[in-house]
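Sequence first, predicted model second:
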Amino acid sequence: MPLSYRSGTVHEHLACRTSAVVFDVSHLGTVLLSGIDAYDTLQHNLSNDLGKISPGRAQYTHLLDENDASVLDDIIIWWDTESRFYVMPNASNTKRVVDRIGGVDITPTRSILALQGPKSREVLHKVIPPAAGVGRFRLSHFNFKGEDVIVAGTGYTGEDGFEISIAGEAAVELFQQLLDADVVPAGLGARDTLRLEAALPLHGNELGPEITPIEARLEWVVSLTKGDFAGRSAYTRHQQEGPRYLLYGAVSEGRQPVRSHMTVYRDGDEIGWVSSGNFSPSLKKAIALMFLRRPLAFGDVVEVDARGNLLSFKIVNLPFVTKTP
């Protein structure tokens, strides 16, 4: 996936907020786990509770470090049939996930196209009509040009949309048909600004070493009612100890973006760091996610050291931008 196509990141971003775009996210991992033990394996190794859903549904979950409950990867699971699951890790973490849960890495055998935006259903109805009815975090199989495709109501933009798994050269034709339906191709730049506006975490920034779901404000991803699972003891220990820092959102009145690892100050004291920052095309202001060691309230002001220039940011509620009606 390129950083952007010819139209540029801002145009691609705004097209997703107002119409529809397509991302080629085929680089993301897919691990096929099947068999009579597949359900129990996932329940034991991942933080969320598959018992809350059923075949034909998708779920967001975490792979936790067993020693400190930090997030080794955040994952989407597509529960296809009773004993078949597609586990979708971040690309660089695919081997780590396979080493923990087993299964087969089928990443090279398929492409994944993410059709996102408020008009994505209208567009998909033109290309694969029955698939346009797939609901949020649901999935089903369809036929496109003789190829079996899985369409899931998932995405990484904060907008309505789909992720479509398709094998072979049919993926190229599907991509072209989406472009012919006036869908804008979008790249990595827009993918990052969109997910940041929606306050969706990026592994390596808001999740990773020494960051638990507690610090990332994602405790809802951890189910303590399903019994034992890898990392549970470490997680409950962190619950009792309390968070070392917490994730906040902040907005500047200016346009100058800040970047990850920049230091955050409050009243002259160093209190944390920026995990992700960028210019928001929707708000036309700089926005940032940051981990802070001091509890703050909405409206409080912090300063970010942007290479020697202190920039003021106001703490705000998340997400920065809500889904287009």
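It's in. Remember, predicted model here, so these are calculated numbers, not experimental data.

OK, contacts around residue 229?
Counting by C-beta atoms under 8 Å, 6 or more residues apart in numbering, residue 229 touches 43-47, 64. Using the backbone N, CA and C atoms, a C-beta is placed for each residue, glycine as well.

Can you list the residue ranges for helices in the stretch 151-300 of the chain?
For the stretch 151-300 of the chain, helices defined by DSSP state H, counting those that start in this stretch occupy the ranges 170-180, 188-197, 232-241.

could you dump the last one to PDB, C-alpha only?
As requested, the backbone C-alpha atoms of helix 232-241 are provided in PDB (Å, rounded to 0.1, in the frame of the first residue of the first chain):
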ATOM      1  CA  ARG A 232      -4.900 -13.200  33.200                       C
ATOM      2  CA  SER A 233      -2.900 -13.300  36.500                       C
ATOM      3  CA  ALA A 234      -0.600 -10.400  35.300                       C
ATOM      4  CA  TYR A 235      -3.600  -8.400  34.200                       C
ATOM      5  CA  THR A 236      -5.400  -8.700  37.500                       C
ATOM      6  CA  ARG A 237      -2.200  -7.800  39.300                       C
ATOM      7  CA  HIS A 238      -2.100  -4.600  37.300                       C
ATOM      8  CA  GLN A 239      -5.700  -3.900  38.100                       C
ATOM      9  CA  GLN A 240      -4.900  -4.000  41.800                       C
ATOM     10  CA  GLU A 241      -1.800  -1.900  41.400                       C
END
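
returning to what we had before: which of the contacts of residue 229 fall in strands?
residue 64 (DSSP state E).

so which of the contacts of residue 229 is the most crowded?
Counting neighbours by other C-beta atoms under 10 Å, residue 46 leads the contacts of residue 229 with 28 neighbours.

For it, give its distance to residue 148.
From residue 46 across to residue 148, the span is 26 Å (C-beta to C-beta, to the nearest Å).

How about residue 169?
Counting by C-beta to C-beta - residue 169 and residue 148 are separated by 14 Å.

if we can go back for a sec, can I get the helices of the stretch 151-300 of the chain in a markdown table with mean pLDDT and mean neighbour count?
Shown next, in a markdown table, are the helices of the stretch 151-300 of the chain (pLDDT from 0 to 100; neighbours: other C-beta atoms under 10 Å):
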| stretch | mean pLDDT | mean neighbour count |
| --- | --- | --- |
| helix 170-180 | 96 | 16 |
| helix 188-197 | 98 | 23 |
| helix 232-241 | 97 | 15 |
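
Would you tell me which of the ones you listed gets closest to residue 72?
helix 232-241 (11.9 Å; C-beta to C-beta).

who's in contact with the nearest residue to residue 292 once chain neighbours are set aside?
Distances taken as C-beta to C-beta, 6 or more residues apart in numbering put residue 272 closest to residue 292, at 3.8 Å, once the chain neighbours are dropped. Going by C-beta under 8 Å, 6+ apart, residue 272 touches 245, 263-264, 290-294.

all strands of the stretch 201-325 of the chain, in order?
In the stretch 201-325 of the chain, the segments counted as strands under DSSP state E, counting those that start in this stretch are 246-251, 263-266, 269-280, 285-292, 301-306, 309-316.

That's all I had, so thanks and see you.
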